[in-house]
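**Q** just a sequence and a predicted model for now, questions to come.
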Amino acid sequence: MYGRAFGAAVVGVRGFLVTVEAHIGRGLPALSITGLPGAPVQDARDRLRPAVEAAGLGWPLRRIVVNLAPGNLRKEGPGLDLPIAVGVLAASGQVPAGRLGRLAFAGELALDGSLLPTPGVLSVALAASAAGLEGVVVPHANGREAALVEGLRVVAAPSLRHVADHLRDRWDPGPPPRPRTDARPPAARVDLAEVRGQERARRALEVAAAGGHNLLLIGSPGAGKTMLARRLATILPPLSGEERLEVTQLHSVAGLLTGTGEGLVVERPFRSPHHSVSLAGLLGGGSGVLRPGEASLAHHGVLFLDELTEFRRDAIEGLRQPLEDGRVVVTRVSGSVEFPASFTLVAATNPCPCGFNGDPGRACECRSDRLQAHRDKLSGPLLDRVDLRLHVPRLTKQELLGAGEGEPSAPVRARVEEARSRQRVRYAGLGISSNAQLPGPVARRMARATPGAEALLGRAVETLGLTGRGFDRALKVGRTIADLEGAERVEERHVAEALSYRAEVRAPELVHAG
Amino acid sequence: MRAEQGWPTGYTASPEDRRAILVLASLRSLTPRKLLEMAGRRDSASACLAAIRSGREGTAGDRALARERDPAVLEGAVRRCGARLVAAGDPEYPASLLDLADPPAALFVRGGRLGDLAPRVAVVGARSCTALGAEISSAIGSALAAVGVCTVSGAARGIDAAAHEGSLRGGGPTLAVLGCGIDEPLPATARRLLARIRRSGAVVSEYAPGVAPEPRRFPARNRVIAALSEALVVVEGGDRSGSMITTEHALDIGRRVFAVPGALNNPKAHAPLTLLREGATPIRGPEDLLADLGYAAPQDAAADGPPASAEAPPGLSGEERLVWERIGAARLAEAVAAETGLPLDRAVAALMGLEVRGLVRSVGGRYERRFVGISPPDETARRRARPEGSAETPVRPTPTA
């Protein structure tokens, strides 16, 4: 007695169609699963019998062999519970085999036979669609998520019993779930208008958003760094349809969608991992099931690293790859897995260990070696990728009182979108879409700086000790500022403002700072 | 206010006495005052050492240390680091030290002859200072160098290092007084600065090679700084700072004390402001100091006058001039924009134009006028010489003594 059903394994964020074969033969009652099942799939063995019996169906008391093909692919995730159960039901003749060749199944079973929300359903649906299947059968909670895939019939079933009844034409799932199609994200929970004062920081956020630049905020605790970083996501252009799908897929695989019922991520993600985060937690991986890390969960959004100097050095170094390539590659013995991770980095740090360096009202009491150690942690390859560096001073009472209500996010976002579209047109043939992605030499050619702007940069090299990289950064940021203004060429004042975003943690020597 | 009793004549006369000094200069608890009293009873350095070794004088720890230390080894160490011993009574021994109630029995010297490094003015202040304080300190060092005055300081980071650096940039000479052994048991950055100071002037210490830098010795070091100099300038210093101790010493022996006033909200202005209230002479910049001391400022230095009264430098754009006129103490770019009526981005651009010209500096997100207008040319050259991709700010030696 033989049955067959399609399921899917998820590797990284990609779904791969898996053929589940079930054979019921002579022997003592047992269930064995072959074909490189991961630990969570092995776990299914004990779950299946109670779930099937709870659904009012019979569990064959014979020797059952389930094979997952292709055999060279490690199968991860609990989504294979349902296809295995269906395969067994088909092998025992409890459901007709007729339509099983046109459907893929995904879902985790509870002991009472109900289908639980399952991570990675979107990836399964995409794999099914790519394989030319007609439809997918998924847990009810994942229906709207699976429905994002166009042209695929989605059956969202509350339990195994409903699945079996559907295959036996005894249950009509009704109209298929409808995907979320809101053109714009709902009113964001936070808004730029809530930031009091800090006009320079608000402006820096706008520039960062407009050019896709990464941002470093240097300031004492309580200066408002976290508040600012959180609002960057609200002035980025809305996610495109394709971007939404990518983000949703990542969040689905990570299990972040389960329980929300939303089925689609429409807002730019904002991720703010604690500095104790592990390497795998930040970049992806982990033992057993490979999970996307915070860098990937921030894909198309904002990754905020508060207290940058407190993060593990290897984690910081590991961020180089996503900052350069927009993806993370996790290498395993069984092969490497790729997660998309293209985000805007906002890093924040204290000006010094005690936090008072540069504060006009309080003296910094840090020892020079501690100050130097703090500074050393901030140098290096990660910071080379950060175009905007800004001091966020703690405001005095007078400065706070003088500060009015800020501009809300919406008009800022409109300016950002305009600046971005100018960049897309300019870089159409180059395979990049923003000023931040410009390689240095190309930036010098493409920025179209006026002679006055170039002269200013030259003076900055002489009197401010601007390095070659600093020169390129100022040019790129200047280009973004010009784009925000709609200016054809990068003028002196654009470069001047760009040069003001080169704050740094002060050296302990304190001799001739500046 | 010469000490009633100086070092007895012949205290360090014989080679044996000079070797004894080496041991006496490495003891932990023996202060110069105690040694001076002992010298009054026992006449020569070797007799003092013998008394300590035999247990008739000194603390238990010093007795053990004195027996342990081998003068020959110390002599070798002094020779190896290129130092020489200048004892009280030697022709090179600066007479001004004898103004102290407890003058050093001897100084170890590395560098030029002390007699050639005169006149001398001390510039002291806090280790952790503001950028403005460092700049003023450096400007004073340069101005002193320009009129041939030797800048004396303690080679600590902050104000001290800036004073030395300023003097070096002005062509020196400068003199550093250490609070540790003459062999400079200090971090590499501090030693690099000291090497440059030695080439320009000299590095001196009361302590034999191997004596570790310990804060408890810094007050004693400060009295040497005060006594070697004809005047003392306090640039920045906090409450209960070393600068106040140096000032006490200077006043005890009748040196003139100058103080650079700072803003009332600047915690590092506490020491100079206290001194001003107690009667120290305020200076608005190096010119005031030179004038008060009777050294004429060279003509071209007059252009670097105190910025509060300075005309706007030529070559500024209209907006830059507007911002320049309104800016003084550190303030936010937002505040500058509000006061000038410029939009924020224009105000920031103008501030940047001024920063590039070396007229304004950013400190922790606020902007302030710089004390000295334009970067000196050699600094520009040094910065340009840095390889690309190295640390983003020039790395300076960090003396920590």
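**A** In hand now; what should we look at?

**Q** the lowest-mean-pLDDT helix or strand in chain A near chain B anywhere?
**A** Among the secondary structure pieces of chain A, namely its helices and strands, helix A:397-401 has the lowest mean (mean pLDDT, DSSP states H and E), a mean of 72. Yes. Looking at helix A:397-401 against chain B by Cβ under 8 Å from any Cβ of the partner chain, the contacts come from residue A:399. The way it works is simple: take the backbone N, C-alpha and C, and place the C-beta from them, glycine included.

**Q** buried residues, that helix. List them.
**A** Of the residues in helix A:397-401, those buried under the neighbour-count criterion (16 or more other Cβ atoms under 10 Å in any protein chain shown) are residue A:399.

**Q** gap between it and the chain center?
**A** Between the centre of helix A:397-401 and the centre of its host chain there is 38 Å, according to Cα atoms, centre = their mean, to the nearest Å.

**Q** got the CA positions of that helix in CSV?
**A** Coordinates of the C-alpha atoms in helix A:397-401 are reproduced here as CSV (Å, rounded to 0.1, in the frame of the first residue of the first chain):
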residue,chain,number,x,y,z
LYS,A,397,17.0,73.0,29.5
GLN,A,398,17.1,76.3,27.6
GLU,A,399,17.8,74.5,24.3
LEU,A,400,14.9,72.2,25.0
LEU,A,401,12.5,75.0,25.8
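
**Q** now do the helices in the stretch 151-300 of chain B.
**A** B:159-169, B:188-200, B:218-228, B:242-252, B:270-277, B:286-293 (DSSP state H, counting those that start in this stretch).

**Q** out of the ones you listed, flag the one nearest residue B:345.
**A** helix B:159-169 (34.0 Å; Cβ to Cβ).

**Q** low-confidence stretches in the stretch 351-500 of chain A?
**A** Low-confidence segments of the stretch 351-500 of chain A, defined by pLDDT under 70: A:360-361, A:402-404.

**Q** quick one on the thing from earlier: any idea which of the helices of the stretch 151-300 of chain B is most buried?
**A** Among those, the stretch with the highest mean neighbour count (mean count of other Cβ atoms under 10 Å in any protein chain shown) is helix B:159-169, at a mean of 30.

**Q** before we move on, the earlier item: check which element follows the least confident helix or strand of chain A along the chain.
**A** Using DSSP states H and E, the helix or strand that follows helix A:397-401 in sequence is helix A:409-426.

**Q** so what's the model's average confidence on stretch B:165-185?
**A** Averaged across stretch B:165-185, pLDDT comes to 91.

**Q** any idea how far apart the tips of that stretch sit?
**A** One end of stretch B:165-185 to the other measures 21 Å (Cα to Cα, to the nearest Å).

**Q** wait, residue B:109 touches residue B:204, no?
**A** Yes. Taking contact to mean Cβ atoms under 8 Å, the distance of 5.1 Å between residue B:109 and residue B:204 places them in contact.

**Q** so those two - more neighbours on which side?
**A** residue B:204 (26 against 23; other Cβ atoms under 10 Å in any protein chain shown).

**Q** residue contacts, that one?
**A** For residue B:204, the contacting residues are B:107, B:108, B:109, B:110, B:114, B:175, B:176, B:177, B:178, B:182, B:224, B:228, by Cβ atoms under 8 Å, 6 or more residues apart in numbering or on different chains.

**Q** quick check, nearest of those to chain A?
**A** Checking the contacts of residue B:204 against chain A with Cβ to the nearest Cβ, the nearest one is residue B:176 at 14.7 Å.

**Q** just give the nearest non-adjacent residue to the residue of the stretch 251-400 of chain B found nearest chain A, would you?
**A** Distances from the stretch 251-400 of chain B to chain A, computed as Cβ to the nearest Cβ, single out residue B:364 as the nearest residue at 2.1 Å. Nearest-residue entry for residue B:364: residue A:358, 2.1 Å, with adjacent residues in sequence omitted and distances by Cβ to Cβ, 6 or more residues apart in numbering or on different chains.

**Q** need the contact list for the residue of the stretch 51-200 of chain A at minimum distance from chain B.
**A** Distance from chain B to each residue of the stretch 51-200 of chain A (Cβ to the nearest Cβ) is smallest for residue A:199, at 4.8 Å. When contacts are counted by Cβ under 8 Å, 6+ apart, residue A:199 is found next to A:403, A:406, B:333, B:334, B:337, B:344.

**Q** do residue A:498 as well
**A** For residue A:498, the set of contacting residues under the criterion of Cβ under 8 Å, 6+ apart consists of A:473, A:474, A:475, A:476, A:477, A:478, A:480, A:481.
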